[in-house]
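1. sequence isn't available, so here's the structure alone:
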């Protein structure tokens, strides 16, 4: 719990808290002791002047790019954003490569809707293999925040999952862009995007 | 609904409308407010002087290239078209690469018939992975408009699906060729090719 | 029906006919109007001085290369042939690449026996993905004429399927080598190799 | 059984023994005659001044990097370690490549949690194919120590499996880094990581 | 049947025979007329001064490299052998590449144990795709002699299968190294490794 005394510090603390706890419609995960460790990453993100690409599709029935962009702007208002919308998931890999090579993005957040049922799960596989190839050809990370329209039957719940996942992966992308070593503080913690963290098995 | 007063403008408006609404044998999708946003893309397409490749196969039992070519000519009569027919789907990736590298096409529309049943779904997978590799090797988009002969039992319905899909993807290809950022207007709208759009989930 | 008046021309016409109709043990497919369109391709093939590679395996229980070579010699006696036999299907991709890069083949016809049942279908998949990579690395077509030993229980029927497929794909390879645009005459006609053509759905 | 006479030598011998026998919560495998053959490898590892990368994820619910790092430090205290934590398994390949190319690691140990059930097994496949591509692009080994959260229902048992696998693969990585030919002493012995060795079939 | 008159020639003939007939614990396959055709290959192999790589694993519960090396030495005592042992199948592709690029091997024989059941069949697939990539990157053959531990329930039978497969593929590797065109004599003969040849379907 934040104990700072003046308003400015409280706002700061709340903002810092938000990067972890603000998952839409979900209870905060059990990540003990990370708030304090997280401060250098938040400062690095706030001061980061890099460029991030955001890819989305016309196929998705949820606007996946907007919550990503909103989250990036909230946490890193000096970071430049390049958005690229393509028809479907199979068009995503080359869009990522163009964002990295032509638009000089330091990292890309690729969003989209998939189906993991039947033969359609091949599409996600093709896209992911293409995205990994892009990473190896460019030496840049492409963070993927895909959702399966069957993850939840309820539309509101599905929407919540998507926004949570996209925002958390936007945070991951910012951390890797601004201070890659900061993720080691969260290693093996069973973090999840779109659902509650599962926590760490300790012995 | 168009409200222009003179004939010329009405014709213009209808043409503009067509790029969205003219899907063969289907009811128009629910895409509110896109007509007006779409105008810059239509102008860019009409004035575009790029070159587009169209790949089709002798294996397909529907002529997939002709509706694509017809649509391209209708919307973008300054765009040059290069057609390349190959035996089957597995021959498509290298045909796309040759169209881009030897024929200097700025984008390629790859069409063909697949089977997504049993072991044959492997063929589509091989072709798609090859096509994604072509995109990454050339930094060009290859838009795929494949159909599965089992999508509809009725031949007329299957034909309608194919023509709708090919024409809509021809439009996608033209947008990416002429004004790539224009697709962002359609982001997350649940657009479909070959069937009705599913619309967007909003919260 | 050929109506030429003198013997020489009849022989010519029959030869030209053969490239289409001579499928072993099967009835001719329904390809209306193609005989006349096909003449430039036949002339181009007859005068073609390119080099074609033929790959086969010791694993196959049918000699797949011989009918291919016989067909190439019959139709294109100026074309040079390079044959390369490897142990199995997984050795085919690099053999194709060596034929293109070391033996300067303009196109390769890869033949072999596969199993599309159980886990063994992986082998065909590996070979095909390798072959598509060869095509993208060399910008040359590799036409594949594989058969599955379970396509027919009767050995004579299986043999007929294989010879038909290999010969038709030898024709495809010759067309792509001598006059690539000639395949557009057959686009969307539902052509098959190893079985009867399915024809085109027209609306 | 060690028979050295003075304390120093006994400690040495025990340390040498440890590299083989210390698997957490498991009985030693049946690897006859390997202790003596192993000595040159242990010396080479102890004197090795190379650099090793360790990749782990925030997704895993077990800290996989720490036992790896502990094992490396115990056996090879002159080896430098570079740790890289990424969100999930799909982010691992490019992390490996960056460790090799930017951080000049001679070898990488990639750890992480996977699911080998249902469609999720695709994720491991994508990561592994990407990792193999990294190896081929860099001519460096990437040793993978993944675990499936369903390998054991009991958390303590799962933890034991993971630590055993990670430590043994850390040993493999050190051997390949310090003295690659040393693994030939263990060829065909049915070695396992995370469970007991199965031994060799002899005739 | 050999008809040479003096002892030296009989010994030679028997040796030449061996390359075909000596399959462990199995009856000779039906390969009519190949003995005479095989002589140039045997001479070429005997005089070959190339270098061959042999890859094996610590995971396998059978020593797969030793019968390969024994067979190579028996038939081609001027050929140099480079052995490389890696932990598991996924480590094989880069080992092959290192043998070709660093150790200048003209060909590689990759051996190992796989499971073709359940999700584990993915591992063989990953390894094979990596191996095919190595072939395409280096323009060298990598002959694979893998076995599935479930091919035979009886350990002695499994051992016999493995030794037969490894030795026959060692012969294939030597033929491709010394006289690649010699395999055409065996084209389409239904040759098998680890089991009896199935023979050719003739019409």
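-> Great, that's in hand. All of these numbers come straight from a predicted model, not from anything done at the bench.

2. tell me if residue A:184 really is in a helix.
-> Yes: judged by DSSP: H, G, I helix; E, B strand; the rest coil, residue A:184 forms part of a helix.

3. identify the residues contacting it.
-> Residues in contact with residue A:184 (Cβ atoms under 8 Å, 6 or more residues apart in numbering or on different chains) are D:83-85. To be clear about C-beta, it is placed using only N, CA and C from the backbone, and glycine gets the same treatment.

4. which of those residues fall in strands?
-> Secondary structure from DSSP state E places D:83-85 of these in strands.

5. and of these, the nearest to residue E:125?
-> Sorting those by distance to residue E:125 puts residue D:84 at the head of the list, at 26.9 Å, by Cβ to Cβ.

6. I'd like to know how far the closest one sits from residue A:202.
-> Relative to residue A:202, residue D:84 is positioned 22 Å away (Cβ to Cβ, to the nearest Å).

7. who has more neighbours, these two?
-> Each of residue D:84 and residue A:202 has its neighbours counted (other Cβ atoms under 10 Å in any protein chain shown); residue D:84 has more, 26 against 10.

8. count the residues that sit near the residue nearest to that one when sequence neighbours are not counted.
-> Leaving aside its sequence neighbours, residue D:84 sits nearest to residue D:95 (Cβ to Cβ, 6 or more residues apart in numbering or on different chains; 4.6 Å). When neighbours are counted by other Cβ under 10 Å, residue D:95 registers 25.

9. ok now do residue D:95, which residues does it touch?
-> Residue D:95 is in contact with D:55, D:84, D:86, D:110, counting by Cβ under 8 Å, 6+ apart.

10. A strand includes residue A:94, no?
-> No: with three-state DSSP as the criterion, residue A:94 is located in helix rather than a strand.

11. got a list of what it touches?
-> Neighbours of residue A:94 in contact, by Cβ under 8 Å, 6+ apart: A:130, A:134, B:132, B:135-136, B:139-141.

12. which residues in chain A form strands?
-> Under DSSP E, chain A gives strands at A:51-57, A:80-86, A:107-114, A:142-148.

13. biggest helix in chain A by residues?
-> Secondary structure of chain A per DSSP state H: the longest helix is helix A:155-178.

14. quick one: it to strand A:51-57, angle?
-> Interaxial angle of helix A:155-178 relative to strand A:51-57 (axes from the mean of the first three to the mean of the last three Cα atoms, to 10 degrees): 150 degrees.

15. right, is helix A:155-178 up against chain D?
-> Yes: shown here: helix A:155-178 in contact with chain D (Cβ under 8 Å from any Cβ of the partner chain) through A:169, A:172, A:176.

16. need the residues you listed in a markdown table with neighbour count and pLDDT, can you?
-> Shown next, in a markdown table, are these (neighbours: other Cβ atoms under 10 Å in any protein chain shown; pLDDT from 0 to 100):
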| residue | neighbour count | pLDDT |
| --- | --- | --- |
| A:169 | 23 | 98 |
| A:172 | 24 | 97 |
| A:176 | 23 | 97 |
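
17. going by distance to residue C:106, which of those wins?
-> Nearest to residue C:106 among the residues of helix A:155-178 next to chain D: residue A:176, at 46.4 Å, using Cβ to Cβ.
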